[in-house]
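Q: Predicted model and sequence below, questions to follow.
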Amino acid sequence: MRVRVLAFARLRELFGFGERGIECAPGTTLEEVWAQLAAALPEARALRPSTRFARNGTLAAASAVLQDGDEVAFLPPVGGG
Amino acid sequence: MILLTRDPLDLAALIDAVRDDTFGAIATFLGVTRATSNGDPRPVVALDYEVYEAMARTQLAEIAADTGRRFGPLRIAIAHRIGTVELGEPSVAIAVGTPHRPQAFAACAYAIDELKARVEIWKHERYADGAAEWRPNTRTAP
């Protein structure tokens, strides 16, 4: 199946994309998508404790199982205002 | 009224959006970009804001609804600037209209605190020495 991944701010810089489609196996969780993308990026892995995940525009648990066509987002601590 | 825009913010338009014949108070808040960052001696020369637009719109609408439940009846308008914001310019503007002033002040304060705590917007600070950093918000004491 295929999901769309969004990365913002520092995570966008580290991953090298703001938006990208990736192939993953049925049953893949948000945490597994993160692990796959961050595997070769120690600085991104170090930011995991402060990173929140969203699925289809809503905050979601790392254990959430993805469906084909989902939009996944990796969200650093916010800084608006 | 919820607005995410790359253009300069227009407070007068927000005020117009919250007027009502039964409202005797309109409180406004402007968050303005500063040359000094908390705890950092380096002068800031420019700021850039990034947004997860779909999610931020939903969150801002939720904050507007929450604010209405807590302090209403009221009308509220929230606008946040995206992209580069020059120093001294507003990055966020809020207007709240209510029948009487205590609710207007309280609702305005509540809305900006919630926005800073939980809306998916990120601030990139560029410093005079050429460095740059993504700067998260810290919870300020009430």
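A: Great, that's in hand. Remember, predicted model here, so these are calculated numbers, not experimental data.
Q: From here on, just use CA atoms for contacts and neighbour counts.
A: Will do.
Q: all helices for chain A, in order.
A: With helices called from DSSP state H, chain A shows them at A:9-15, A:30-38, A:42-46.
Q: Kindly report the same for chain B.
A: B:11-17, B:53-71, B:101-118.
Q: For the residue positioned nearest the centre of chain B, which residues are in contact?
A: By CA atoms, centre = their mean, the mean C-alpha position of chain B lies nearest to residue B:92, the distance being 3.2 Å. Residues in contact with residue B:92 (CA atoms under 8 Å, 6 or more residues apart in numbering or on different chains) are A:81, B:9, B:29, B:30, B:31, B:32, B:78, B:79, B:80, B:81.
Q: Export those as TSV, with columns for pLDDT and neighbour count.
A: Formatted as TSV, those follow (pLDDT from 0 to 100; neighbours: other CA atoms under 10 Å in any protein chain shown):
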residue	pLDDT	neighbour count
A:81	94	26
B:9	98	20
B:29	98	18
B:30	98	18
B:31	97	16
B:32	95	16
B:78	98	25
B:79	98	23
B:80	98	27
B:81	98	25
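Q: tell me which parts of chain B are close to chain A?
A: Proximity of chain B to chain A (CA under 8 Å from any CA of the partner chain) is limited to residues B:31, B:49-52, B:54-55, B:80, B:91-92, B:112, B:115-124, B:134-137.
Q: In strands, which of those appear?
A: B:31, B:49, B:50, B:51, B:80, B:91, B:92, B:121, B:122, B:123, B:124, B:134 (DSSP state E).
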